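J.: Show me how the following folds:
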Amino acid sequence: MLPTRLLLLCSAAILVTACAAPTAKAPAPGPVLAEPAPVEAPPAPPALPPLTPSQAQKMAIAAADLLEAGNEEQAKADLQRVLASDPGNKLAQNLLRQISADPVAVLGRESFPYTVRSSDTLSRIAGRFLGDIYSFYILARYNDIKVPRQVAGGQVIRIPGKAPPPGVLENESRRPDKASTPAAAAAAPTAAVVVEPSAGEKALNSADAAERRGDVDRAYSDYRAATSGELGSDSLAKAEQLRRRLVTRYTLAARSAFAKQDLDGSIGQWDRVLQLDPGNDTARLEQQKARSLKEKIKSLK
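T.: Reported below is the predicted structural model:
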């Protein structure tokens, strides 16, 4: 009996020891990393509406103004938009080519010095020597001029091509009948004789002078007069620039007069706007507003 009891006690002790042994713990799970959210591309800018041929031409002309002021980046963007709507626009093609082309490759290395006169602009110089007033920008780049509009009298620039015979540039504005004596007129070099300018050229010269002194009305009238003949396209473009300036000027004058209760003056200024821009619905409505107020005041008296 004793051995059997001892054997049972030993077995029980072994079972108790086994139950009391610590159990191995499973490793704690690590932190779960969230997947990064996908980065969304910024929305594309809305597409600009296409331009009509008339709007495209006006924007091309405005781009020429930007280039004259040295704002090449904005002018380039506007010209690209013009060509996206009107691929055949000659003015936009011309100006964009001047922005990107190598001026020396286009105009050549041979050149001669020219002293800018007080009445000159780079557009006039380009028209005179390059045959196109809108070639002013590549001529500016040829001379490393950043702002074409700032060319001033007395400045010396390079004109591409062969130099004219001696005395031609100095005497080109003289006429034979201005010589001090008949002998002096006879002795004057033949190359210095200048052909009488055409009516279009005279109108263009007058328009340039009027624009310089701030007489925009006269300048516009003269540019319109110069639209006949070989100067037509260039003068028409300049006339369009001035037409827009005059519309803005008369619009401001009309609104200023209305604010001062000068109704007749306001109506008259709106008349001038509508003469230049017959399709201007805003001008027509505001003029009608001034007329209605005038009639109302008249009825109260």
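
J.: Only the buried residues of stretch 111-123, if you could.
T.: The neighbour-count check on stretch 111-123 (16 or more other Cβ atoms under 10 Å) flags Ser111, Tyr114, Val116, Asp120, Thr121, Leu122, Ser123 as buried. Glycine gets a C-beta too; all of them are placed from N, C-alpha and C.

J.: for stretch 286-301, same thing?
T.: Glu286, Gln287, Ala290.

J.: Could you tell me which of those residues belong to helices?
T.: Glu286, Gln287, Ala290 (DSSP state H).

J.: would you list these in CSV and tack on pLDDT and distance to Tyr134?
T.: Formatted as CSV, these follow (pLDDT from 0 to 100; distance: Cβ to Cβ, whole Å):
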residue, pLDDT, distance to Tyr134
Glu286, 93, 35
Gln287, 92, 36
Ala290, 92, 40
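
J.: Just the closest of the residues you listed to Asp65, please.
T.: Among those, Glu286 lies closest to Asp65 (Cβ to Cβ), at 26.7 Å.

J.: Name the nearest residue to the closest one, ignoring sequence neighbours.
T.: Using Cβ to Cβ, 6 or more residues apart in numbering and skipping the chain neighbours, the partner closest in space to Glu286 is Trp270 (6.2 Å).

J.: pretty sure Tyr114 is touching Ile157, no?
T.: Yes: counting by Cβ atoms under 8 Å, Tyr114 does reach Ile157; the two are 5.7 Å apart.

J.: which residues do these two both contact?
T.: Residues touching both Tyr114 and Ile157 by Cβ atoms under 8 Å, 6 or more residues apart in numbering: Ile125.

J.: hey, where'd the strands end up in this structure?
T.: 111-115, 156-160 (DSSP state E).

J.: So which bits of the last one are buried?
T.: To tie it back to what came earlier, the one meant is strand 156-160. Neighbour counts over strand 156-160 (16+ other Cβ under 10 Å) mark Ile157, Ile159, Pro160 as buried.

J.: Just list the residues touching Pro53, thanks.
T.: Asp86, Asn89.

J.: Next one: Leu122 from Ala92, what distance?
T.: Distance, Leu122 to Ala92, by Cβ to Cβ, to the nearest Å: 19 Å.

J.: which secondary structure elements does the longest helix seen in the chain contact?
T.: Under DSSP H, the helix in the chain containing the largest number of residues is helix 232-259. Secondary-structure packing of helix 232-259 (3 or more Cβ pairs under 8 Å, 6 or more residues apart in numbering; DSSP states H and E): helix 53-68, helix 199-212, helix 216-225, helix 263-276, helix 281-300.

J.: Which among the strands of the chain is found nearest to Ala253?
T.: With Cβ to Cβ as the measure, strand 156-160 is the member of these nearest Ala253 (38.6 Å).

J.: angle of that closest one against strand 111-115?
T.: Between the axes of strand 156-160 and strand 111-115, defined by axes from the mean of the first three to the mean of the last three Cα atoms, to 10 degrees, the angle is 140 degrees.

J.: could you give the mean pLDDT of strand 156-160?
T.: For strand 156-160, mean pLDDT is 94.

J.: Any chance you could list what contacts it?
T.: For strand 156-160, the external contacting residues (Cβ under 8 Å, 6+ apart) are 107-108, 110-116, 125, 129-130, 139, 142-143, 145, 151.

J.: Which of the residues you listed fall in helices?
T.: Leu107, Ile125, Phe129, Leu139, Tyr142.

J.: Closest one of those to Gly265?
T.: For the ones in helices among the contacts of strand 156-160, the closest approach to Gly265 (Cβ to Cβ) belongs to Ile125, at 41.0 Å.

J.: Can you get me a residue count around that closest one?
T.: By other Cβ atoms under 10 Å, 22 other residues sit near Ile125.
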